[in-house]
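In: Below are the sequence and a predicted model for it; my questions follow.
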Amino acid sequence: MATFIWNWNHSENGNADAVVSVGCTTYMGPPTSEQAGQGAASSNADGSVLVFVAERLRTCGLSIIILPEDSKEDEVQESAQSDGGGINGRRKRQKTETKPKTLRERELALFRSRSISGGIKVFDANQKLVAFFKTMGVDDPWLFLSCMNDEVSNRIYEALQSDFDLAIFPHETESIDVDDLDGSYRLDAVTGDKFGSNTKNSITTLFSLYRSHAEHEQPNDLLVAKALCSYENSEINCVGPTLEMIETAQEWQHRGLGTAMIQAIEIFYKGKFEEFRSRVWFSVCRVTSYEVMKSLKGFGFRGSGSDSDCLGDDLLKVLNDEEFGLSSDSDDESEEVIDY
């Protein structure tokens with residue numbers, strides 16, 4: 001028997017219903033070149049990334065329409081140029097000359113005005129929806145791009161990999177080793193999203209820890225603990241893996257399952273982001289227990305605010321600390337068994 005008491009239908013920064021979707025893949029990561037938006041001013045950072053991605057994907061034979069009225073504006077400009085200087089022609093020229101002239105300029109202007117939100121849709125030559133993308137983060141935004149089939153995924157990855165650090169998350173079950181537990185447990189991770197969601201970040205990963213059915217005399221493996229991660233902590237303006245929730249079933253507490261899951265999840269993410277050339281932050285939302293805070297600090301997490309011991313605070317650490325010569329400052333506190 002396994003009883004969970006938390007509301008797992010809610011997540012502060014993302015959907016709590018990640019499900020397997022065969023053939024789908026999400027890529028995420030920051031730009032690594034100036035042309036892709038690295039180092040752009042915050043007022044234009046997300047627009048620089050999105051417009052670059054749109055331009056690059058169009059060269060792959062894919063269709064991205066950011067401005068629904070693009071074709072009409074182009075027709076007005078062409079009509080003004082061929083109208084022989086008449087009154088109507090002058091009016092049309094005066095109207096269009098006050099606007100940015102190129103498609104890139106018009107798209108950047110739209111993003112600066114903040115009049116566009118949600119994912120940008122990508123269509124193939126048959127006008128079938130095959131992907132969508134967006135950015136998350138304010139000062140140093142990351143690209144988040146989800147593809148709906150393997151052929152498009154490969155094509156898009158090849159087009160963007162030279163200008164972005166990209167972690168790859170297939171929307172399928174990934175098995176994770178849990179070193180501190182015996183072989184009767186298994187940890188699965190499923191990454192998924194919900195297209196069209198109004199949630200700020202729809203991409204989440206659900207981690208599920210199972211006990212083998214042979215060990216508890218049941219026909220199926222038993223879910224005994226679970227954790228949910230999103231990929232943006234909006235409270236502290238931090239993009240990267242964000243632990244939203246973690247819970248061990250009441251009947252399975254005091255066995256070190258929560259502690260083992262935290263360690264396994266961190267190793268999982270280190271593998272995903274190990275090739276990144278910039279810091280990747282791993283954060284924890286709203287720690288409401290002194291015992292849990294003590295345990296997380298033992299793993300190297302630190303408070304994001306001025307009072308790092310304040311309940312309800314968010315904690316964070318650098319995942320790729322070795323790459324940047326940083327110390328996780330972990331101590332023996334992590335050896336204490338804490339149930340989450």
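Out: Ah, there it is.

In: can you pull out the strands in the protein?
Out: For the chain, the strands defined by DSSP state E cover 25-29, 120-123, 129-136, 142-147, 167-170, 173-176, 185-192, 204-211, 222-233, 238-248, 281-287, 302-303, 313-318.

In: Nearest to Thr59, out of those strands?
Out: Closest to Thr59 of the strands of the chain, according to C-beta to C-beta: strand 120-123, at 12.8 Å. (Glycine included, C-beta is placed from N, CA and C.)

In: chain center to the closest one, what's the gap?
Out: Computed by C-alpha atoms, centre = their mean, to the nearest Å, the chain-centroid distance of strand 120-123 equals 18 Å.

In: could I have that strand exported to CSV, CA atoms only?
Out: This file holds the C-alpha atoms of strand 120-123, laid out as CSV (Å, rounded to 0.1, in the frame of the first residue of the first chain):
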residue,chain,number,x,y,z
ILE,A,120,5.5,29.6,-31.8
LYS,A,121,4.2,26.9,-34.2
VAL,A,122,6.3,25.2,-36.8
PHE,A,123,4.7,23.6,-39.9
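
In: ok, residues contacting it?
Out: The contact list for strand 120-123 (C-beta atoms under 8 Å, 6 or more residues apart in numbering) reads 50, 54, 57, 62-66, 129-134, 152.

In: Now do it, average pLDDT.
Out: Averaging pLDDT along strand 120-123 yields 94.

In: now swap in stretch 288-307 and tell me
Out: Averaging pLDDT along stretch 288-307 gives 81.

In: Please identify the buried residues of that stretch?
Out: For stretch 288-307, burial by neighbour count (16 or more other C-beta atoms under 10 Å) applies to 292-293, 295-301, 303-304.

In: now, which of the contacts of strand 120-123 sits nearest Leu160?
Out: Leu57 (8.2 Å).

In: show me the contacts for the closest one.
Out: Going by C-beta under 8 Å, 6+ apart, Leu57 touches 64, 122, 131, 156, 159.

In: Could you work out the most separated pair of those?
Out: Farthest apart among these by C-beta to C-beta are Ile64 and Ala159. That separation is 12.3 Å.

In: These two: which is more packed in?
Out: For Ile64 versus Ala159, the count of surrounding residues by other C-beta atoms under 10 Å is larger for Ile64: 20 against 17.

In: Just give me the neighbour total for the nearest residue to that one once chain neighbours are set aside.
Out: Distances taken as C-beta to C-beta, 6 or more residues apart in numbering put Ala54 closest to Ile64, at 4.4 Å, once the chain neighbours are dropped. Ala54 has 20 neighbours, counted by other C-beta under 10 Å.

In: Test my guess that Ala54 contacts Ser63.
Out: No: the pair Ala54 / Ser63 is not scored as a contact, 9.8 Å apart, by C-beta atoms under 8 Å.

In: quick one: contacts for the residue nearest to Gly312 when sequence neighbours are not counted?
Out: Nearest non-adjacent residue to Gly312, counting by C-beta to C-beta, 6+ apart: Arg286, 5.5 Å away. Shown in contact with Arg286 (C-beta under 8 Å, 6+ apart): 12, 235, 312-314.

In: Now render the contacts of Leu57 as TSV, adding distance to Pro31.
Out: Converted to TSV, these look like this (distance: C-beta to C-beta, whole Å):
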residue	distance to Pro31
Ile64	17
Val122	18
Ala131	18
Ile156	15
Ala159	14
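
In: And those residues, which is closest to Gln38?
Out: Among the contacts of Leu57, and counting by C-beta to C-beta, the member closest to Gln38 is Ala159, at 17.0 Å.

In: Using the record's domain definitions, break the protein down for me.
Out: For the chain, automatic domain parsing gives the domain ranges 25-66+116-168, 171-335.

In: shaky segments in this structure?
Out: For the chain, the stretches with pLDDT under 70 are 10-17, 68-100, 114-118, 194-201, 214-219, 305-310, 322-340.

In: Which parts of it are helices?
Out: Secondary structure of the chain (DSSP state H): helices at 45-58, 70-81, 87-97, 103-112, 150-160, 213-216, 257-273, 290-298.

In: how about these, which one is nearest Glu247?
Out: helix 257-273 (8.0 Å).

In: CA atoms only for that closest one, dumped as PDB, please.
Out: The C-alpha trace of helix 257-273 is given here as PDB (Å, rounded to 0.1, in the frame of the first residue of the first chain):
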ATOM      1  CA  LEU A 257      13.900   6.900  -0.400                       C
ATOM      2  CA  GLY A 258      13.600  10.700  -0.700                       C
ATOM      3  CA  THR A 259      17.300  11.200  -0.100                       C
ATOM      4  CA  ALA A 260      18.200   8.600  -2.700                       C
ATOM      5  CA  MET A 261      15.900  10.200  -5.200                       C
ATOM      6  CA  ILE A 262      17.500  13.600  -4.800                       C
ATOM      7  CA  GLN A 263      20.900  12.200  -5.500                       C
ATOM      8  CA  ALA A 264      19.700  10.200  -8.500                       C
ATOM      9  CA  ILE A 265      17.900  13.100 -10.000                       C
ATOM     10  CA  GLU A 266      20.900  15.400  -9.700                       C
ATOM     11  CA  ILE A 267      23.100  12.700 -11.400                       C
ATOM     12  CA  PHE A 268      20.400  12.400 -14.200                       C
ATOM     13  CA  TYR A 269      20.500  16.200 -14.800                       C
ATOM     14  CA  LYS A 270      24.300  16.400 -14.700                       C
ATOM     15  CA  GLY A 271      24.300  13.900 -17.600                       C
ATOM     16  CA  LYS A 272      21.800  16.000 -19.500                       C
ATOM     17  CA  PHE A 273      23.700  19.300 -19.100                       C
END
